[in-house]
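Colleague: Below is the structure, and that's it, no one-letter string:
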C-alpha cells in the first residue's frame, strides 16, 4: 500500500492491486486526525510526518519495538534507540 495520491491515480497500480487499491485509498482518505482510533488518545494527530526519512525511521522503530515484545531486547533499549534515531532525523530539520 502506498501513501501518495499519485499511486492511487496510476492505472497500472490500480490494475495490479485490484479492489485492494480502492479500499486502501478510502481508508487513508477517511482517517480522522482528531480521532485516529477507537480508543481515547492523549494527543491529536495521525502517525505520519511528511519527510523523506519517515518510512525508514518508522520501520526501524517498529522492528526494535517488535524485538522487545518478542523478548529479544528490552523495551527501554527499543525506546532509547527510537528516540536517538528520531532525534538524529529531527536535528536535520532544526532552523
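Modeller: Alright, I've got the coordinates. Just so it is clear, the model here is predicted, and its values are computed rather than measured.

Colleague: tell me the domain ranges of the protein?
Modeller: 1-45, 54-91 (automatic domain parsing).

Colleague: Report the separation between the two terminal residues of the last one.
Modeller: Pointing back at domain 54-91 there. For domain 54-91, the first-to-last residue distance is 14 Å (CA to CA, to the nearest Å).

Colleague: Which of the three states applies to residue 66?
Modeller: helix (DSSP: H, G, I helix; E, B strand; the rest coil).

Colleague: scratch that, residue 71
Modeller: coil.

Colleague: In which helix or strand does residue 81 reside?
Modeller: Assessed by DSSP states H and E, residue 81 sits inside helix 75-91.

Colleague: Show me what that helix is packed against.
Modeller: Judged by 3 or more CB pairs under 8 Å, 6 or more residues apart in numbering; DSSP states H and E, helix 75-91 is in contact with helix 54-69. Quick note: C-beta positions are derived from backbone N, CA and C, even for glycine.

Colleague: so where is the chain shaky, pLDDT-wise?
Modeller: Low-confidence segments of the chain, defined by pLDDT under 70: 1-2, 46.

Colleague: returning to what we had before: let me have the domains of the chain in CSV, adding mean neighbour count as columns.
Modeller: As requested, the domains of the chain are exported to CSV (neighbours: other CB atoms under 10 Å):
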stretch, mean neighbour count
domain 1-45, 11
domain 54-91, 13
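
Colleague: before we move on, the earlier item: could you tell me the angle between the helix holding residue 81 and helix 54-69?
Modeller: 170 degrees (axes from the mean of the first three to the mean of the last three CA atoms, to 10 degrees).

Colleague: begin at 10 from here
Modeller: Understood, numbering begins at 10; the last thing we discussed is helix 84-100.

Colleague: ok, and what's touching helix 84-100?
Modeller: 60, 62, 66, 69-70, 73-74, 76-77 (CB atoms under 8 Å, 6 or more residues apart in numbering).

Colleague: Mind putting the residues you listed into a markdown table with distance to residue 90?
Modeller: As requested, the contacts of helix 84-100 are arranged in a markdown table below (distance: CB to CB, whole Å):
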| residue | distance to residue 90 |
| --- | --- |
| 60 | 19 |
| 62 | 15 |
| 66 | 11 |
| 69 | 8 |
| 70 | 8 |
| 73 | 5 |
| 74 | 10 |
| 76 | 10 |
| 77 | 10 |
